[in-house]
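Novice: Sequence and predicted structure, then a few things I'm wondering about:
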Amino acid sequence: MFTATLIAAGKLTRGDISAGQDALRDAACKPNGANWVDEGDAADLWFDGDPLVARSALEAMPLDVIVQPTLGRAKKLLVADMDSTMITVECIDELADYAGIKDRIAAVTEAAMRGELDFAEALDARVALLKDLEASAIDRCRAERVRLMPGAKALIRTMKAHGARTVLVSGGFTVFAEPVAAEIGFDVAIANRLGIAGDRLDGLVAKPIVDAATKLTTIEAERVALGLETVETLAVGDGANDIPMIQAAGLGVAYHAKPKTAAAAGARVDHGDLTALLWAQGYKRSEWVSD
């Protein structure tokens, strides 16, 4: 049996549930009942049939829909991207603003995240442009620009409270990822290291670069180390470099993602915040942990 979770925080109606069941029935995916996860926020629709067909039938609804096997929906491992996923910004773009070249670097970041450029080459090129920027700009950027994505703390802390391991793996930098991971509550953070000479950036990033291959290796190694089945894993990200880990997860989620990533993922969150991933796992608000 499969579950389709309809998510629209504060906006979900019984009419939406009925419309979802009708869509499943019309697609030859036999509905087997429905139930609120949290009334007005999220509901589960159970069905027998092809999950890909069901997802296609439901995705026209103006809300988030996550389709997955009913068994194993509460995950034991989460591997997450950072920039534009666990935080609201791309750190390298904001850091570039302190050097007066944000527009120049942001255009390259966008192309890389869309999968139009080689990630490692694009990162080297952008970091080179930051050479001689005062290292103090890192602390200023972190304090003034970096903000947690809504729902980030609730997602990670709730999963940890229920025994899951959580890993932040970022193509960004440790100077941002490590404090962000600590604030949210991740078990560990993996990211790139910016070169600093004296009190200025030296324009280099340490090798090997944390890229798509690193993210894939991370989720696979963590799963094996924990003795988990693939279905027990969750990955979430927004950029093209997140695609391999998203596709390797039991539930791979494209979060407000670039088109290439959204098309490659088995699930998408296009409307809500990260708490959608708690409802998708069957956690009610009363079970969430945010402090």
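Specialist: Done, it's in.

Novice: secondary structure element for Asn32?
Specialist: Assigned by DSSP states H and E, Asn32 belongs to strand 30-38.

Novice: Who are the packing partners of that strand?
Specialist: Strand 30-38 sits against helix 14-26, strand 42-48, with contacts defined as 3 or more C-beta pairs under 8 Å, 6 or more residues apart in numbering; DSSP states H and E. (C-beta placed from N, C-alpha, C; glycine too.)

Novice: For Ile7, name its beta-bridge partners.
Specialist: Ala42, Asp64 (DSSP bridges).

Novice: quick revisit: which of the residues in the strand holding Asn32 are buried?
Specialist: By 16 or more other C-beta atoms under 10 Å, the buried positions in strand 30-38 come out as 31-32, 34, 37-38.

Novice: And for stretch 209-217?
Specialist: Those would be 209-212, 214-217, for stretch 209-217 by 16+ other C-beta under 10 Å.

Novice: can you give me the helices in the protein?
Specialist: For the chain, applying DSSP state H gives helices covering 14-26, 51-58, 91-97, 102-113, 119-129, 136-144, 152-161, 174-184, 212-226, 243-248, 259-264, 276-280.

Novice: which outside residues touch the third one?
Specialist: The contact list for helix 91-97, computed with C-beta atoms under 8 Å, 6 or more residues apart in numbering, reads 82-83, 102, 104-106, 109, 123, 126-127, 129-130, 133, 137-138, 141, 145-146, 172-173, 176.

Novice: need the contact list for Met82.
Specialist: 91, 168-170, 172, 176-177, 180, 191.

Novice: circling back to that earlier point, looking at the helices of the chain, spot the one closest to Val236.
Specialist: With C-beta to C-beta as the measure, helix 276-280 is the member of these nearest Val236 (6.6 Å).

Novice: Please name the nearest non-neighbouring residue to Asp26.
Specialist: Computed as C-beta to C-beta, 6 or more residues apart in numbering, the closest residue to Asp26 that is not its neighbour in sequence is Ala57, at 6.8 Å.

Novice: how deep is that neighbour tucked in, by neighbour count?
Specialist: By the criterion of other C-beta atoms under 10 Å, Ala57 has 24 neighbours.

Novice: ok, it - contacts?
Specialist: Ala57 neighbours (C-beta under 8 Å, 6+ apart): 23-24, 26-27, 29.

Novice: one more time with 10 Å
Specialist: Applying C-beta atoms under 10 Å, 6 or more residues apart in numbering, we find Ala57 in contact with 4, 20, 22-29, 47, 49-50, 65, 67.

Novice: count of residues packed around Val289?
Specialist: Other residues close to Val289 by other C-beta under 10 Å number 17.

Novice: ok, now how distant is it from Arg165?
Specialist: Val289 sits 15 Å away from Arg165, taking C-beta to C-beta, to the nearest Å as the criterion.

Novice: how close does the closest residue to Glu183 other than its chain neighbours sit to Arg114?
Specialist: In this structure, Glu183 finds its nearest non-sequential neighbour in Leu148, 6.9 Å apart by C-beta to C-beta, 6+ apart. From Leu148 over to Arg114 the distance is 24 Å, taken as C-beta to C-beta.

Novice: Mind listing residues that contact stretch 219-229?
Specialist: Applying C-beta under 10 Å, 6+ apart, the set of residues contacting stretch 219-229 from outside is 72, 75-79, 164-167, 169, 187-188, 230, 232-235, 244-250, 252.
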